[in-house]
Each structure stands twice: as structure tokens, then as C-alpha cells.
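[1] Provided below for reference: sequence and predicted model.
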Amino acid sequence: MSAVDCAIVGGGIVGAALADALSEAGMSVALVEARSIGTGTTACGMGHLVAMDDNAAELALTSWSVSLWRALAEGLPRAVEYDACGTLWLAADAEEMAAVDSKVSNYRAAGVRVEVLDAAALYEAEPALAPGLVGALRVPGDAVVYPPLAARTFALRAQARGARLMTGTPAQALRPGEVVLANGDVLAARHIVLAAGVASPSLCPGLPITPRKGHLLITRRGAPVVKHQLVELGYVKSAHGTEGASVAFNAQPRVTGQLLLGSSRQPGVGTREVEAAILERMLRRAADFLPGLDGMQALRAWTGLRPATPDGLPLLGPHPEQPWLWLACGHEGLGITTATGSARLVADQLLGRSSAIDARPYLPERFLGRTPRQVAHA
């Protein structure tokens, strides 16, 4: 099998975006995917493109990534369903509304446009919401996409420049300069990038990536009319403030007239079955914010396994102990948002270019080469 400059193992949205970025820079690329492009965790996500401010590094990567998506928007096929709907962070009470001030400061410092809505402006924007909410923070630059077709679009753009799309081709092992395929073939590559999500530790033991299970549900057409992506301001404390199973309200309008509802989070759970108790909790929470959902029929519900790291940031850059191997994995629930920025950061490092943001917070060396105890307390 003829050699390539870079073999990317994992054809989810991050791997596909990286193939697009590297092929655009003139590198020969092979994208190795066990199934079809965008059919793993990518197909199980909500498709939000959202600037998140849990910490400075997350905000830098997500806000930059959203701006990169925005620059691509006009050239995306209609089937990708890019919708510049913006996000409304909903405040249920005065305490949550008070937290808006710090979010406003964070976003504006990062150059992200935001608007504060009082209760009257909120209900003018979203009349279907339950009464009693006190306001919201609007992030008008956020958007949503249909992730599987977004991933496929990136892959096809790379293929048009000569990249090889090796679908239905599981990787069995990685070694210096070579990807060993399950059929026994060997793909030679000057660089190897591992972008296989929750499967990454099976090809590179020791990666600090664990599954976090999440449930989603999509309604039939005729759902309450929602114009923005809606997220409760309690999302961070509800979805990220506990080690146990948690749920939080997140509703996303689809161009089809349906609503995509989330979300749940179960750290360390690697099973894929839909759990009725978790789904019921999630839907009760959604109905608290959108009472018109009561009696609404669902089209289907499903789960996905999100690849999580101890600090919630992805691993983007060279493996410190295996310099022939690069990592682009561990995005948990923000892989769709950050696919563009993650691809650019890894491509910039591979090509020796400067980046628009500092790559250091995402480098794998912050964990790898440490003892398990050091990783746990990082």
C-alpha cells in the first residue's frame, strides 16, 4: 500500500475535519474508518456549535471553532442543515440571572457577542417557554448542524483533493510509521493521528479517556415552535457538577420542524442501551421549560458514548512518549463544536504553523507520562 504523509485513524467529525485541513495544506492523507464516515459518536450528538465558558481554555477553543464554522457556512451543502439560530441560556430564578454577569464578562473578553434579555424580551423571543423564567443570555453567533453529513462533507472535500477514504477498514494496531489494518494490510505514513473517540485507548493504551453516556430524543414534526437553541443556565451545575447520572434541559430546533431534546450525562457508563428512568428524568426536565411537549410523540431516542478526559479538554497534539503519534481525541460533548478548531490546531502543529489560539492547554503531555494519581488530581 503506497505511503501517505498522514494517516488519520477515526472518521468521525474531528478526523474528517482534520483530513480536510491537511489536504487543503497539500498533504497526502488517508482517513481510516472502521465503519462509515460520521456514524459513531458523531451521529449520536446534538450538533450544537456553541461557545462554552466553563473555563478559559474551553472558551478559547469553542469560540474560535464557532467562528471557523461560521466562515464555512455559505459553502456547506443544504443537507448539513447549518442553522444560525443562536443560543439562549435560560435563567429560572434571580440566582441564575445574577450568574449572567460573569458569563457576559467571559464572553465579551473572548470577543463573543452576547445580549442580556429580561423576562419580557425572553418571552417575546420564545413564547412557548414555561411562565416564570426571569431572563436569559443570548449568544447570537451560535448555530446547529446535522453532524453526520457535516463529517461526510469534510471527508468528501478532502477526497476531492486526493485523500483516500478507507471506510469499513478497522485499524488493529499503530506503530512507528505504520497503521496495521484488521485485514493484515499495512498503511505506511510519515505521521499518524489517532482521532477514534472512545475507541482511542484500545489503539493507544494509557490514554486518559473514559466513556460518558448521554441520551437524546427527537420529536415528530409539530413540536412547540422554538427559534433558538435553548439551554438552562443550571446546565453546568446539573450536567457537570456531579459524578453521578445527571440531566439538564437542552432543546434544539431542527429545520425539519422537529425538536432535538437532551441531555443526560452518566460518567463512566459504557453501555449503549436506552434507560427508561434516565430518559424519563430528561423529558420531565424538558417539559418544565417547554410545557407544550406534554403528549408530544417522539420519533426515536438513542444514546451516545462521549470520550471524556479528566479536565474536560481534548487531547490535541503529539504523544509525548511516542513522538510518531499525534492525538485528536477526548472531546466529550463538544466534538461537533470544536471539530474545526481542533483540526486547525493539530494541522498547525504538524505543519509548523502558528495558531490563532494557544495550543498548550490541550497538549497531551499534561496527562501522559504522569502517574495515575497525578492524572486523577490534574
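    It's in. Numbering: from 1, shown residues only.

[2] CA only for contacts and neighbour counts going forward, please
    OK.

[3] Number of residues surrounding the closest residue to residue 22 other than its chain neighbours?
    For residue 22, ignoring the flanking residues on the chain, the nearest one in space by Cα to Cα, 6 or more residues apart in numbering is residue 347 at 6.1 Å. For residue 347, the neighbour count with other Cα atoms under 10 Å is 22.

[4] likewise residue 38?
    25.

[5] And the pLDDT for it?
    As predicted, residue 38 sits at a pLDDT of 98.

[6] mind checking the SS state of it?
    State at residue 38, reduced to three classes by DSSP: H, G, I helix; E, B strand; the rest coil: coil.

[7] I figured it hits residue 154, correct?
    No: counting by Cα atoms under 8 Å, residue 38 does not reach residue 154; the two are 10.1 Å apart.

[8] who touches both of those two?
    Overlap of the contact sets of residue 38 and residue 154 (by Cα atoms under 8 Å, 6 or more residues apart in numbering) consists of residue 13.

[9] Tell me the first helix or strand C-terminal of whatever helix or strand residue 212 lives in.
    Using DSSP states H and E, residue 212 sits within strand 210-219. Where DSSP H and E defines the elements, the next helix or strand beyond strand 210-219 is strand 229-232.

[10] ok, and what's touching that following strand?
    Applying Cα under 8 Å, 6+ apart, the contact partners of strand 229-232 are 85-92, 143-144, 248-253.

[11] Buried only: go through those for me.
    Applying 16 or more other Cα atoms under 10 Å to the contacts of strand 229-232, the neighbour count classes 85-92, 143-144, 248-253 as buried.

[12] Can you flag which of these belong to strands?
    If you go by DSSP state E, the buried ones among the contacts of strand 229-232 have 87-91, 143-144, 248-253 in strands.

[13] Could you work out the most separated pair of the contacts of strand 229-232?
    Farthest pair in the contacts of strand 229-232 (Cα to Cα) is 92 and 144. Separation: 23.7 Å.

[14] Which parts of the stretch 101-250 of the chain are strands?
    115-118, 135-139, 143-144, 164-167, 171-175, 178-181, 186-194, 210-219, 229-232, 246-253 (DSSP state E, counting those that start in this stretch).

[15] Can you check which of these gets nearest to residue 9?
    strand 186-194 (5.0 Å).

[16] pLDDT on the closest one, on average?
    What strand 186-194 shows for mean pLDDT is 98.

[17] what ranges do the helices span in the chain?
    13-24, 56-72, 94-98, 100-109, 119-125, 147-160, 200-203, 235-240, 276-289, 335-351, 372-376 (DSSP state H).

[18] among those helices, which is the most enclosed?
    The highest mean neighbour count among the helices of the chain, using mean count of other Cα atoms under 10 Å, belongs to helix 13-24: a mean of 27.

[19] Pull the distance from it to the chain's centre.
    Remark: helix 13-24 is offset 15 Å from the chain centroid, using Cα atoms, centre = their mean, to the nearest Å.

[20] With mean pLDDT and distance to residue 212 as extra columns, can I get the helices of the chain in CSV?
    Formatted as CSV, those follow (pLDDT from 0 to 100; distance: least, Cα to Cα, whole Å):
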stretch, mean pLDDT, distance to residue 212
helix 13-24, 98, 18
helix 56-72, 98, 18
helix 94-98, 93, 26
helix 100-109, 95, 26
helix 119-125, 98, 32
helix 147-160, 98, 19
helix 200-203, 98, 14
helix 235-240, 52, 11
helix 276-289, 96, 14
helix 335-351, 98, 13
helix 372-376, 49, 16
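
[21] now the ones you listed in a markdown table, with distance to residue 134?
    Shown next, in a markdown table, are the helices of the chain (distance: least, Cα to Cα, whole Å):
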| stretch | distance to residue 134 |
| --- | --- |
| helix 13-24 | 37 |
| helix 56-72 | 25 |
| helix 94-98 | 7 |
| helix 100-109 | 11 |
| helix 119-125 | 5 |
| helix 147-160 | 33 |
| helix 200-203 | 43 |
| helix 235-240 | 16 |
| helix 276-289 | 12 |
| helix 335-351 | 28 |
| helix 372-376 | 39 |
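
[22] nearest to residue 215, of these?
    Among these, helix 276-289 comes nearest to residue 215, with 6.7 Å by Cα to Cα.

[23] Extract the CA atoms of the closest one and return them as CSV.
    The C-alpha coordinates for helix 276-289 follow below in CSV (Å, rounded to 0.1, in the frame of the first residue of the first chain):
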residue,chain,number,x,y,z
ALA,A,276,-36.1,4.4,30.7
ALA,A,277,-35.5,6.0,34.1
ILE,A,278,-32.9,8.4,32.7
LEU,A,279,-35.0,9.2,29.6
GLU,A,280,-38.0,10.0,31.8
ARG,A,281,-36.0,12.3,34.0
MET,A,282,-34.7,14.1,31.0
LEU,A,283,-38.1,14.5,29.4
ARG,A,284,-39.7,15.7,32.7
ARG,A,285,-36.9,18.4,32.8
ALA,A,286,-37.6,19.4,29.3
ALA,A,287,-41.4,19.7,30.0
ASP,A,288,-40.6,22.0,32.9
PHE,A,289,-39.3,24.5,30.4
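
[24] helices and strands around that helix, which ones?
    strand 246-253, strand 259-267 (3 or more Cα pairs under 8 Å, 6 or more residues apart in numbering; DSSP states H and E).

[25] Mind doing that once more with 10 Å?
    Here helix 276-289 touches strand 210-219, strand 229-232, strand 246-253, strand 259-267, strand 298-308, going by 3 or more Cα pairs under 10 Å, 6 or more residues apart in numbering; DSSP states H and E.
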